[in-house]
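Enquirer: What would the 3D arrangement of this be:
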Amino acid sequence: MSLLKDFKAFAVKGNVVDLAVAVIIGGAFSGIVKSLVDDVIMPIVGRIFGSLDFSNLYLPLADLPAGIEPTLAAVKAAGVPVLAYGSFISVLINFFILAFIIFMMVRQVSKLTAALVREEAATPAAPPPTPEDVLLLREIRDALNNK
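Expert: Residues are numbered from 1 along each chain as shown. Reported below is the predicted structural model:
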């Protein structure tokens with residue numbers, strides 16, 4: 001029963017919920033980056049390198065049957081084992097873009113946090129209230145000076 005209580009305490013902690021939200025947002029963000037790489041960046045890179053389509057770069061690991069169209073989809077459909085290094089290049093570029101974006105986000109959050117800490121440190125603290133005994137002594141002094 002202790003294991004169940006420990007698990008419940010772990011699952012209810014805020015960090016687990018934060019992690020779950022981060023995974024969900026990360027999955028959605030990954031789809032955006034994948035689309036950016038596949039639909040925007042790779043066509044530009046392919047155009048720079050002479051209309052090269054990275055998605056069709058592959059190395060057949062067996063002999064190709066006669067009459068097969070030399071595209072990755074057709075070769076896979078024929079059951080020929082292939083090393084699809086073009087897909088790997090796309091995924092690698094996807095990873096570097098995602099890592100760079102996350103790096104920039106963490107960097108900005110760090111700068112913002114540091115700025116907030118500096119701002120809090122620069123704000124002067126309010127002076128502590130004057131103790132009651134000092135206030136009473138001042139009243140006595142002022143009363144004696146006014147006589």
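Enquirer: Would you confirm that Leu61 contacts Pro81?
Expert: Yes - the pair Leu61 / Pro81 is scored as a contact, 4.3 Å apart, by C-beta atoms under 8 Å. Every C-beta, even on glycine, is put in place using the N, C-alpha and C of the backbone.
Enquirer: Wait, a helix at Phe100?
Expert: Yes - under DSSP: H, G, I helix; E, B strand; the rest coil, Phe100 sits within a helix.
Enquirer: Let me see the confidence value for it.
Expert: For Phe100, the pLDDT comes out at 86.
Enquirer: swap in Lys111?
Expert: pLDDT for Lys111: 91.
Enquirer: go on, Lys5?
Expert: Listed pLDDT for Lys5 reads 84.
Enquirer: ok, now Gln108?
Expert: Per-residue pLDDT puts Gln108 at 91.
Enquirer: can you check Ser51 too?
Expert: 63.
Enquirer: can you pull out the helices in this structure?
Expert: For the chain, the helices defined by DSSP state H occupy 2-12, 14-36, 42-48, 72-77, 85-122, 132-145.
Enquirer: Switch those helices over to JSON lines; also include mean neighbour count and distance to Asn56.
Expert: Output for the helices of the chain, formatted as JSON lines (neighbours: other C-beta atoms under 10 Å; distance: least, C-beta to C-beta, whole Å):
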{"stretch": "helix 2-12", "mean neighbour count": "9", "distance to Asn56": "46"}
{"stretch": "helix 14-36", "mean neighbour count": "11", "distance to Asn56": "17"}
{"stretch": "helix 42-48", "mean neighbour count": "13", "distance to Asn56": "10"}
{"stretch": "helix 72-77", "mean neighbour count": "14", "distance to Asn56": "5"}
{"stretch": "helix 85-122", "mean neighbour count": "12", "distance to Asn56": "6"}
{"stretch": "helix 132-145", "mean neighbour count": "9", "distance to Asn56": "85"}
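Enquirer: List just the one of these that sits closest to Leu57.
Expert: Closest to Leu57 of the helices of the chain is helix 85-122 (C-beta to C-beta; 2.8 Å).
Enquirer: Tell me the helices and strands packed up against the closest one.
Expert: Applying 3 or more C-beta pairs under 8 Å, 6 or more residues apart in numbering; DSSP states H and E, one finds that helix 85-122 contacts helix 14-36, helix 42-48.
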